[in-house]
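**Q** Pasted the sequence and its predicted model underneath.
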Amino acid sequence: MKTITQVFSADHLQCNQLFAEIEEKAYKNDWQAVSSEFAHFRDMMERHFNIEEQTLFPAIEERTGQTSGPTAVMKMEHQQMRQVFDNMHKAVEQQDNEEYLGLSETLLILMQQHNAKEEQILYPMGDQILGTDVADIIAKQQAG
């Protein structure tokens, strides 16, 4: 049986790979590709955040009784990344290479730190405490 850690970490990897590809295109000033691929990346990230915020985090909060613990931190970090997405979108619209790449660096750091916390702490905790709910959460993630 697959685990939350395996499935959600694989999703991180897909998002990270697309992000790196977009950054390469930004370095080359291929704004048509950056524009369409950034929209796809942002959609992928929003889908990932929404599955976590609507399915995984509430399940963990229910089992632990904690709503101000690790899941609250993850939600806050999602909001920080969403703000960076907004700023990056503006840079894409303006074809501002310097601004986009600076924001890209910021987002990369945020994602690396965020993903490490989820992959090393939150996901394994979910696998451990959610028992039979793991399969349902994974099914929702894969259907999403």
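**A** All right, it came through fine.
**Q** How about the contacts made by the residue lying closest to Arg63 once chain neighbours are set aside?
**A** Among residues not flanking Arg63 along the chain, Ile129 sits closest, at 4.7 Å (Cβ to Cβ, 6 or more residues apart in numbering). Where C-beta positions appear, they are placed from N, C-alpha and C, glycine not excepted. With contact taken as Cβ atoms under 8 Å, 6 or more residues apart in numbering, Ile129 is in contact with 60, 63-64.
**Q** outside of stretch 54-68, which residues touch it?
**A** Stretch 54-68 is touched from outside by 4, 8, 69-71, 74-75, 122, 125-126, 129-130, 133, 137, 140-141, with contacts defined as Cβ under 8 Å, 6+ apart.
**Q** swap the cut-off to 10 Å and go again
**A** Surrounding stretch 54-68, the residues in contact under the criterion Cβ atoms under 10 Å, 6 or more residues apart in numbering are 4, 8, 49, 51-52, 69-72, 74-75, 78, 118, 122-123, 125-126, 128-131, 133-134, 136-141, 144.
**Q** How far does it stretch from one end to the other?
**A** 16 Å (Cα to Cα, to the nearest Å).
**Q** What backbone torsions are found at Gln94?
**A** Taking degrees, to the nearest 10, you get phi -90, psi 0 for the backbone angles of Gln94.
**Q** pLDDT on stretch 92-99, on average?
**A** Stretch 92-99 carries an average pLDDT of 96.
**Q** Got a quick ChimeraX command for the buried subset of the contacts of stretch 54-68?
**A** Below is the selection syntax for ChimeraX that covers the buried ones among the contacts of stretch 54-68, with 16 or more other Cβ atoms under 10 Å defining burial:
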select :4,8,49,51,52,70,71,74,78,118,122,123,125,126,130,133,134,137,138,141
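**Q** so of the contacts of stretch 54-68, which ones are in helices?
**A** Counting by DSSP state H, those place 4, 8, 49, 51, 70-72, 74-75, 78, 123, 125-126, 128-129, 133-134, 136-141 in helices.
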